[in-house]
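Student: with the input below, show me the fold.
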Amino acid sequence: MAKKPVLVVLAAGMGSRYGGLKQIDPVGCQGEAILDYSIYDAHRAGFETVVIVIKEAIREDFLATVGKRLAKAPVEIRYAYQELDALPEGYSVPEGRVKPWGTSHAVLCAAKAIDGAPFAVINADDYYGASAYQVIYDYLSAPHAPGEHCMVGYRLGNTVTENGSVARGVCAADENGYLTQVNERTRIEQYDGGIHFTEDGGESWTDLPADTIVSMNLWGFMPSFLTEIRNRFAAFLDKALVENPMKGEYFLPLPVAQIIGEGVGSVKVLTSPDKWFGVTYAADKPMVVAALRKLTEDGLYPDGLWK
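Tutor: Numbering: from 1, shown residues only. Reported below is the predicted structural model:
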């Protein structure tokens, strides 16, 4: 019997632009974090097992806050730990590096807890909306070949903030709805009348339509993806340790682009009409608090998720 899909929550990032541990910052009506709402939505969609990836350094604070609440949730919670020294044999951490190795590395650190199941991946500090979990759960629950993965894309206009620039993966798909490429745009900003990005520090700007589909790191993978990223990790390190030893990161779009380019896998682009929101900057928090309160008042969530 095929294993049921597992949800993997990436909560080990440092949140340098936010200025704190936004993974555990209370934003809900009863002090919940964004990931409480994500797990609530995922459970309603059918997920029964959640793997949360954290760092050992925040374990105590995490378990005393989010973990304590999630003990009441009707899902199985498993923890995995992303540590800098979790590297292939023969590799070591550059002296002075503190930054995690990125989202692909985080998923690799969760491999044992995923236990051979198809899995969805989310960021702990992003609110994705209820419909996204349903479409990705349904996809992962259906029969697929080992290399048939998926992602949930969002309209760019539903993902920007008024408080600064954002980084987004701008997606292109073929006529059948399969991902062909993801272009990382690390500085996208709103301006009066539109949205644009720069690649030269603001010297020049290129407009992006508000309905452009972007990746918000909501991926769905067959178990074979773990083998793909494990086999490609050493090549990433060989390059990163020379070019950017302090900050080079093994982001999920890199192996995704590689398997698409090599023809050894595909990624179906699913879409969500929901508005994404998150706390990229501390100034985003009041908007998130207000949005979650409004969704609670509208009846989408109970006042207190884990009663």
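Student: would you mark the buried spots in the helix or strand hosting Ala113?
Tutor: According to DSSP states H and E, Ala113 maps onto helix 111-114. In terms of neighbour count (16 or more other C-beta atoms under 10 Å), helix 111-114 has its buried residues at Ala111, Ala113, Ile114. Quick note: C-beta positions are derived from backbone N, CA and C, even for glycine.
Student: surely the last one and Pro223 touch.
Tutor: Yes - Ile114 is within contact range of Pro223, at 7.4 Å (criterion: C-beta atoms under 8 Å).
Student: coming back round to it: could you identify the helix or strand that succeeds the helix holding Ala113?
Tutor: Assigned by DSSP H and E, the successor of helix 111-114 is strand 119-123.
Student: now tell me what touches stretch 190-202 from outside.
Tutor: 156-157, 160-162, 185, 187-189, 204-210 (C-beta atoms under 8 Å, 6 or more residues apart in numbering).
Student: make it 7 Å
Tutor: 156-157, 160, 162, 185, 187-189, 204-208, 210 (C-beta atoms under 7 Å, 6 or more residues apart in numbering).
Student: tell me the phi and psi of the closest residue to Pro88 other than its chain neighbours?
Tutor: Nearest residue to Pro88 in three dimensions, chain neighbours excluded: Ala234, at 5.2 Å (C-beta to C-beta, 6 or more residues apart in numbering). Main-chain dihedrals, Ala234, degrees, to the nearest 10: phi -60, psi -40.
Student: tell me how many other residues surround Ala234.
Tutor: Applying other C-beta atoms under 10 Å, we find 13 residues neighbouring Ala234.
Student: please tell me how far the nearest residue to Gln258 once chain neighbours are set aside sits from Ser104.
Tutor: Sequence neighbours aside, Arg232 is the residue nearest to Gln258 in space, at 6.4 Å (criterion: C-beta to C-beta, 6+ apart). Distance, Arg232 to Ser104, using C-beta to C-beta, to the nearest Å: 8 Å.
Student: contacts only, for the nearest residue to Ala73 once chain neighbours are set aside.
Tutor: The spatially closest residue to Ala73, leaving aside those adjacent along the chain, is Trp306, at 5.3 Å (C-beta to C-beta, 6+ apart). Counting by C-beta under 7 Å, 6+ apart, Trp306 touches Arg69, Lys72, Ala73.
Student: just to revisit the earlier point, and the pLDDT for the residue nearest to Gln258?
Tutor: Arg232 is assigned a predicted lDDT (pLDDT) of 97.
Student: touching, it and Ile259? I think so.
Tutor: No - taking contacts as C-beta atoms under 7 Å, Arg232 lies outside contact range of Ile259: 8.8 Å.
Student: more neighbours: which of these two?
Tutor: Using other C-beta under 10 Å as the criterion, Arg232 and Ile259 rank with Ile259 on top: 19 against 16.
Student: give me the pLDDT for that one.
Tutor: For Ile259, the model assigns a pLDDT of 96.
Student: any idea how far Tyr81 lies from Lys55?
Tutor: For Tyr81, the distance to Lys55 - C-beta to C-beta - is 7 Å.
Student: just Glu184 next, same as before
Tutor: Taking C-beta to C-beta as the measure, Glu184 falls 24 Å from Lys55.
Student: higher neighbour count, those two?
Tutor: Lys55 (19 against 13).
Student: how about the nearest residue to the more buried one, chain neighbours excluded?
Tutor: Ala12 (4.7 Å).
Student: which residues touch that neighbour?
Tutor: Applying C-beta under 7 Å, 6+ apart, the residues near Ala12 are Val53, Ile54, Lys55, Gln82, Pro100, Ala106.
Student: give the bridge partners for the residue nearest to Ser215 when sequence neighbours are not counted, please.
Tutor: Nearest non-adjacent residue to Ser215, counting by C-beta to C-beta, 6+ apart: Gly169, 3.6 Å away. Beta bridges link Gly169 to Glu184, Ser215 when assigned by DSSP bridges.
Student: ok, now the one 10 residues further on?
Tutor: The bridge-partner assignment for Leu179, based on DSSP bridges, gives Ala173.
Student: where do the strands sit along the stretch 101-250 of the chain?
Tutor: Here the stretch 101-250 of the chain has its strands, by DSSP state E, counting those that start in this stretch, at 119-123, 126-127, 148-155, 166-173, 179-191, 194-197, 206-207, 213-221.
Student: which element is Lys294 on?
Tutor: Lys294 belongs to helix 285-297, assigned by DSSP H and E.
Student: next, the buried residues of stretch 182-201.
Tutor: Buried-residue list, stretch 182-201, by 16+ other C-beta under 10 Å: Val182, Arg185, Arg187, Ile188, Glu189, Gln190, Ile195, His196, Phe197, Thr198.
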